[in-house]
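J.: Sequence and predicted structure below; questions after.
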Amino acid sequence: MSQRPRRARRVQLSVPGSSEKMLAKAAASRADHVFCDLEDAVAPSAKVEARNKIAFALNNLDWGKKTRCVRINDVSTEWCHGDIIELVEKAGANIDTIMLTKPYTPADVLFLDRMLNQLEKKLKLDRRIGIEVLIEEVQALQNVDAIASSTDRLECLIFGMGDYSGSHGIDTAEIGATGSYPGDVFHYARFRIVMAARANGIDPVDGPFGSFKDEAAYKDEAIRARTLGMVGKWAIHPAQIDWALDVFSPSAEDVANARRLAAAYEAAEAQGLGAAQVDGVMIDVAVMRLVRNTLEKAELAGM
Ligand code: COA
Ligand code: MG
């Protein structure tokens, strides 16, 4: 398996590809990752023209260190192949990843993978475009392990709870809110997706939250996702960017503590000890895995 690029995905900002103004705002934002949308945020009558707007924005705006992603229409639509061909032909050198909507099976992901193989050869691109997929159909959740291991281009699985709720028949009034159900209605799906992603060395990310003025509710959902092992969450509005960065970046205190524990463990190891204690808390190889996770998050966050 080839080495996948490591990218920060604390927040993935969704931007309608039909809006030049929002594309410019997204490029200038603080998001780690922006996906320019050709799917649900773009009306059918605007989809073909949105390809040109996205290609122009990718080629001409300053995106800083952001991951530049394009979200395409699913393989059952008349737009999918055109989205892939036109975007890669017009802006392939400035696309980091393509996000596939509504796959059901690995074959759907491999359709995109094979198209990219051909286009990269034809255009002699010297870089490899990564794939991200939305798990938003019940069939996708049933096939999540096979999807997660379908291609080494795959970098990320995203839980799309809006469409997933529709596909599954979950009774929820608003996108991403888990309501009064005792427990979290999305717990199983999130846990399952994180397992499949981790087993294949790829990033699990949590999807949208619709009420973009409700910071407390957004952060509740983000903290649930983080606790289960997800690395980030979507923003559908610029207001949500800082909330996600806040939840998915380790605090300065967490990082300082992790560095202290790592130093204490190294000192213990140098003395031939397998376990040590720091302020009454045991540290051993297993604790060091958690410590290293925090240090890795800090590195990706540039801390
Ligand atoms: N990306 C970049 N800029 C955005 C943005 C986004 N997703 N959402 C809003 N903005 C901009 C607006 O253009 C506005 O800019 P201005 O201050 O220069 O006028 C500013 O941020 C504030 O926006 P606001 O007026 O609060 O909201 P709005 O009515 O313009 O837009 C939505 C609200 C929901 C229509 C808009 O946020 C949106 O389209 N979000 C993305 C939806 C989407 O991608 N759905 C599919 C994935 S679930
Ligand atoms: Mg969807």
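T.: Done, it's in. Ligands and ions are numbered 1, 2, ... in the order given.
J.: What segments of the stretch 201-303 of the chain are strands?
T.: Using DSSP state E, counting those that start in this stretch, the strands of the stretch 201-303 of the chain run over 203-206, 232-235, 276-278, 281-283.
J.: Which strands or helices does the second one pack on?
T.: For strand 232-235, the packing partners by 3 or more CB pairs under 8 Å, 6 or more residues apart in numbering; DSSP states H and E come out as strand 11-16, strand 203-206, helix 215-227, helix 239-248. All C-beta atoms are positioned from the backbone trio N, CA, C, and that covers glycine.
J.: The last one now?
T.: In terms of contact count using 3+ CB pairs under 8 Å, 6+ apart, strand 281-283 is assigned the packing partners helix 252-270, strand 276-278.
J.: Please name the bridge partners of the residue positioned nearest the centre of the chain.
T.: Among the residues of the chain, the one closest to the centroid is Val205, at 4.1 Å (CA atoms, centre = their mean). Assessed by DSSP bridges, Val205 has beta-bridge partners Ile158, Gly232.
J.: Now do it against ligand 1, distance only.
T.: In this view, Val205 and ligand 1 are 13 Å apart by CB to the nearest ligand atom, to the nearest Å.
J.: for Arg153, same thing?
T.: 22 Å.
J.: Nearest residue to Trp234 in space, ignoring adjacent ones along the chain?
T.: Nearest residue to Trp234 in three dimensions, chain neighbours excluded: Pro208, at 4.6 Å (CB to CB, 6 or more residues apart in numbering).
J.: What backbone torsions are found at the residue nearest to Asp203 when sequence neighbours are not counted?
T.: Spatial nearest neighbour of Asp203, chain neighbours left out: Cys156 (4.4 Å); criterion: CB to CB, 6+ apart. When read as degrees, to the nearest 10, the backbone of Cys156 gives phi -160, psi 140.
J.: Tell me the residues of the stretch 101-250 of the chain that contact ligand 2?
T.: For the stretch 101-250 of the chain, the residues in contact with ligand 2 (CB under 5 Å from the ion) are 136, 160, 163.
J.: redo that, cut-off 8 Å
T.: Applying CB under 8 Å from the ion, one finds that the stretch 101-250 of the chain approaches ligand 2 through 101-102, 134, 136, 160, 162-163, 207.
J.: For those residues, give me TSV that also has neighbour count.
T.: Listed next are those as TSV, based on neighbours: other CB atoms under 10 Å:
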residue	neighbour count
Thr101	24
Lys102	22
Leu134	24
Glu136	24
Gly160	27
Gly162	20
Asp163	20
Gly207	26
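J.: Check the residue in the stretch 201-303 of the chain that ligand 2 sits nearest to and give its pLDDT.
T.: Going by CB to the ion, ligand 2 is nearest to Gly207 of the stretch 201-303 of the chain, at 7.9 Å. Per-residue pLDDT puts Gly207 at 98.
J.: what comes into contact with stretch 286-302?
T.: With contacts defined as CB atoms under 8 Å, 6 or more residues apart in numbering, stretch 286-302 is touched by 6-8, 10, 231, 248-250, 254-255, 258-259, 261-262, 265, 283.
J.: buried sites along that stretch?
T.: Judged by neighbour count using 16 or more other CB atoms under 10 Å, the buried positions of stretch 286-302 are 287-288, 291, 294-295, 297-298, 300.
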